[in-house]
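J.: Please work out how this folds:
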Amino acid sequence: MRLYSIRAVLGILLLTLFGVQLLTSPIVASSIEASVEIKPETLNLKENKGGVITAFIEFLNSSYNVSDIDFESIELHVETAIGWAEPIRCIVADGKLVAKFDASEVAGLILTTLGHMQPTPPPKAEYPKSIVVKGTVNGVDFEGSDRTRVILP
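T.: Got it, this is the predicted structure:
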């Protein structure tokens, strides 16, 4: 009877140990911080037809190279917006990745974040918005952000 009790206690301890390990979250590598500069610094939502938003991406203090970025992984996010914009073209120049985004698509993302505002903001009001660019380089995620002013139509 004593041997059975010892086995039962050891079995419960073993199951508890494995259960705790299964419930803990795995360690995930953090993303690489990228330096991102967004141009233009002010986006007029009324005058964005046919224009582009340019993101200049570089890695500071990192062993990664912008030429190794997977261009298809690049996404531009606007704070609190659902969805993202994909670049229409990317090139590497002067040690930076230059990604161009359709300004009307980015304006649409910005307008969706302002749709919930009550009362309606006055025309020509300016709002700072955080623009985040994400992607992968050599299979590792990177992220960087910049702020831009938005002039409403």
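J.: I'd guess residue 53 is in a strand, am I close?
T.: Yes: assessed by DSSP: H, G, I helix; E, B strand; the rest coil, residue 53 belongs to a strand.
J.: who does it bridge with?
T.: Residue 53 has the following beta-bridge partners by DSSP bridges: residue 101.
J.: What's the local residue count around it?
T.: 24 (other C-beta atoms under 10 Å). For the C-beta atoms, the positions are set from N, CA and C on the backbone; glycine is no exception.
J.: how close does it sit to residue 88?
T.: 10 Å (C-beta to C-beta, to the nearest Å).
J.: Return every residue with contacts to both of those two.
T.: 100, 101, 102 (C-beta atoms under 8 Å, 6 or more residues apart in numbering).
J.: from what I can see the last one touches residue 52, true?
T.: Yes: contact criterion C-beta atoms under 8 Å: residue 102 and residue 52 qualify, at 6.7 Å.
J.: Stretch 58-77: which residues count as buried?
T.: The neighbour-count check on stretch 58-77 (16 or more other C-beta atoms under 10 Å) flags 58, 59, 66, 69, 74, 75, 76, 77 as buried.
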